[in-house]
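Model the structure of this input:
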Amino acid sequence: MDTLLQATDVRRSFPRVGGEDLLVLDGVNLSLNEGEIVGLLGRSGSGKSTFLRLIAGLAQPQGGHLDYMGAPINGPASGIAMVFQSFALFPWLTVLENVQLGLEALGLPDKKIRKRALAAIDLIGLDGYESAYPRELSGGMRQRVGFARALVVHPNILLMDEPFSALDVLTAENLRTDLIELWQNKKLPIKSILLVTHNIEEAVQMCDRALLFSSNPGRVTTEIKIDLPHPRDRSDPRFEDYVDRIYVEMTARKVERQRTVQAIDVIPDAPISPVSSNSIAGLIEALANPQYDGKADLPDIAYDVQLEIDELFPIAEALQMLRLADLEGGDLKLTHMGKRFADADTNERKEIVNRALMNNVPFAAHIRRVLDERSNHTAPRRRFIDELEDKMSEDAADETLRAMISWARFAELFSYDDESETFSLENPT
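Residues are numbered from 1 along each chain as shown. Reported below is the predicted structural model:
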């Protein structure tokens, strides 16, 4: 099996104003072989899309090696095409004209350009829409145009950056199924696919291998080979086993890191997602339903509440952090306090979260202590942002502080005035 792409210790960082560079990728190692679909899974901010941009030649790594067919990638490489999350079509061009663009850049004769573009449009299921404009098409049709535009150049590697995430569930499933059928029947003019996705079931449905990315910085931590024949049945116990395994792998490292960080320092060195109190309450109530009786597999609860991993994981991690639930082995289980929260009225829920913040979230307790110790019981936002930015990026610091503000407001632990950017004990408990 020929290796098309080889990444060795790839590193990439971005400059930050007034501080050290933000390290996004560090020590990324992977290979992409002919005849396989490989999925990249990880949380937002783990650098997956940045890595695709490096492969596409839209940016350069600052360390390590990134080789395509034995040669270093230096700028956009012939034989690598990309499908984006957004449809990225030119609205003033027809379907045919949009698809022809890539071939025009190759300088092919007009007759050959038209022939190949029409063939790509037919292949992807849009025959008859050649003269339509993007505004006349549904979201699924517009993404099919994006696929046709990428496929028309007959690339060796097709990069896909969450290509189905902007589509509704049924449209995405239809497009995925069509793509896999074309791939299995060897009708696609490509040799390999590298897919970035947040959808674990999508990865199991499509991929031969799933590579799990860590965050801060991003690197491949786990490789899972998916040995299932196509077409794959979601109800097959083996399919469900792969889904469970990926959930377990993705949660285990995050939980361990979260516990370590909380035990070591008041100031977190990884961002805390600003999950709303409504989301926290909603997931607790779902877990408390008789169907689960306080404990559920993450894939099952994700399906029932219709959440992707990037939506579910932050809520589950917030429950873990607040000690309202335990996250172990791919299962989410309510603690004693989590069960009390489910049965409590609003005031008691506020008291439970108040105690949870003071006992289990060191940074929230730190903000409260600073306010208690000051004579006027106020402090500027900059006071706490500066502490966070010593450990994380500006955006991550802002996310973390927003999480503290949201939870503290619900629990009436402290107040925050957005106009004056001031914390206070205006409504202390």
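
which helices and strands does the helix or strand hosting residue 81 pack with?
Using DSSP states H and E, residue 81 maps to strand 80-83. Contact partners of strand 80-83 among helices and strands, from 3 or more Cβ pairs under 8 Å, 6 or more residues apart in numbering; DSSP states H and E: helix 48-56, helix 139-151, strand 157-161. C-beta here means a position set from N, CA and C on the backbone, and glycine is covered the same way.

give me the low-pLDDT residue ranges for this structure?
Applying pLDDT under 70 to the chain flags the ranges 1, 16-19, 252-265, 427-429.

Would you map out the domains in it?
Here the domain parsing of the chain from automatic domain parsing is 3-247, 277-424.

Just to check, residue 100 is in contact with residue 113?
Yes: Residue 100 is within contact range of residue 113, at 5.4 Å (criterion: Cβ atoms under 8 Å).

who has more neighbours, the two?
Set residue 100 next to residue 113 and count neighbours by other Cβ atoms under 10 Å: residue 100 wins out with 23 against 20.

ok, that one - contacts?
By Cβ atoms under 8 Å, 6 or more residues apart in numbering, the contact set of residue 100 is 113-114, 117, 152.

Try it again at 10 Å.
Listed by Cβ atoms under 10 Å, 6 or more residues apart in numbering, the contact set of residue 100 reads 93-94, 108, 110, 113-114, 116-118, 120-121, 149, 152.

go on, residue 206?
By Cβ under 10 Å, 6+ apart, residue 206 lies in contact with 37-39, 160, 164, 176-177, 179-180, 183, 193, 195, 197, 199, 226, 230, 232.

likewise residue 86?
Taking Cβ under 10 Å, 6+ apart, we find residue 86 in contact with 142-143, 146, 161-163, 165-166.

before we move on, what about residue 360?
When contacts are counted by Cβ under 10 Å, 6+ apart, residue 360 touches 262, 320-324, 337.

Name the helix or strand for the nearest residue to residue 414 once chain neighbours are set aside, please.
Once flanking residues are discounted, residue 414 sits nearest to residue 408: 5.0 Å by Cβ to Cβ, 6 or more residues apart in numbering. Using DSSP H and E, residue 408 falls within helix 394-411.

immediately after that helix, which helix or strand?
Using DSSP H and E, the helix or strand that directly follows helix 394-411 along the chain is strand 415-417.

which helices and strands does that next one pack with?
The contact analysis (3 or more Cβ pairs under 10 Å, 6 or more residues apart in numbering; DSSP states H and E) places strand 415-417 against helix 394-411, strand 422-424.

which one of these lies closest to residue 306?
When the helices and strands packed on strand 415-417 are compared by Cβ to Cβ, helix 394-411 sits nearest residue 306, at 22.1 Å.

Would you mind giving the domains of the chain as CSV with distance to residue 268 added?
Compiled in CSV, the domains of the chain are given as follows (distance: least, Cβ to Cβ, whole Å):
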stretch, distance to residue 268
domain 3-247, 11
domain 277-424, 6
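
For residue 267, find the nearest of those.
That would be, of these and by Cβ to Cβ, domain 277-424, which comes in at 5.2 Å.

residues touching the spatially closest residue to residue 75 that is not a sequence neighbour, list them.
Spatial nearest neighbour of residue 75, chain neighbours left out: residue 57 (4.7 Å); criterion: Cβ to Cβ, 6+ apart. Residues in contact with residue 57 (Cβ under 10 Å, 6+ apart) are 66, 68, 73-78, 80, 82.

Okay, helices next: where are they in the stretch 251-400 of the chain?
Under the criterion DSSP state H, counting those that start in this stretch, the stretch 251-400 of the chain contains helices at 277-288, 298-305, 309-321, 336-343, 346-360, 362-373, 381-389, 394-411.

Can you point out the buried residues in the longest one?
Looking back up the chat, that one is helix 394-411. In terms of neighbour count (16 or more other Cβ atoms under 10 Å), helix 394-411 has its buried residues at 396-401, 403-408, 410-411.
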